[in-house]
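1. Give me the fold of what follows.
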Amino acid sequence: MNLGTLLDQQNAQKQTPDYYDILRCSPQSSQDQVHREYRLLALQHHPDKSPEGSSSQWDAIREAYEVIGNDLKRAQYDRWRMSKLPLPFKQWVRSQTHAVHWKFDYQRTIQSSQKSWWDDRARIDSSDDVYQRFRNYEI
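-> Residues are numbered from 1 along each chain as shown. So this is what the prediction gives:
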């Protein structure tokens, strides 16, 4: 790993703040604990509740709660944290939700130059030596 890769990784990690630190809870915290911490921080930093609360702090708290307060997004965030990928979380989520749609042409069929077993069935059943035909891979 070269120096440029390490710097890119550190910059990507700095672009996404640790949501658990913002909400003052741990990754093992329950959803109730996360909600309680969010409510306390909302009372302190919400622009309507506190005139001295800055909007940047409130935006960070709200963004952290949107991710950590939702079970699905929290699982994605935890998976991203463990992966230590050099991508910001939002970019990683966008890359995970990309869907590939395949188009199938249902008009295509597999055509064989040989007759099928069903076509030869009447002839095979009428044969006296079915065992011999089976051994010769004719059936």
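
2. Can you pull out the low-pLDDT segments for the protein?
-> For the chain, applying pLDDT under 70 flags the ranges 1-14, 50-53, 97-128.

3. how about 90 then?
-> Low-confidence segments of the chain, defined by pLDDT under 90: 1-18, 42-59, 79-139.

4. send the alpha carbons of the helix or strand containing residue 64 over as PDB?
-> Applying DSSP states H and E as the criterion places residue 64 in helix 55-68. Extracted C-alpha coordinates of helix 55-68, given in PDB (Å, rounded to 0.1, in the frame of the first residue of the first chain):
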ATOM      1  CA  SER A  55     -27.200  24.600  12.500                       C
ATOM      2  CA  SER A  56     -24.100  22.500  11.600                       C
ATOM      3  CA  GLN A  57     -24.200  20.600  14.900                       C
ATOM      4  CA  TRP A  58     -27.900  20.100  14.500                       C
ATOM      5  CA  ASP A  59     -27.500  18.800  10.900                       C
ATOM      6  CA  ALA A  60     -24.800  16.400  12.100                       C
ATOM      7  CA  ILE A  61     -27.000  15.100  14.900                       C
ATOM      8  CA  ARG A  62     -30.000  14.700  12.600                       C
ATOM      9  CA  GLU A  63     -28.000  12.900  10.000                       C
ATOM     10  CA  ALA A  64     -26.500  10.500  12.600                       C
ATOM     11  CA  TYR A  65     -29.900   9.700  14.000                       C
ATOM     12  CA  GLU A  66     -31.300   9.100  10.500                       C
ATOM     13  CA  VAL A  67     -28.700   6.400  10.100                       C
ATOM     14  CA  ILE A  68     -28.300   5.000  13.600                       C
END
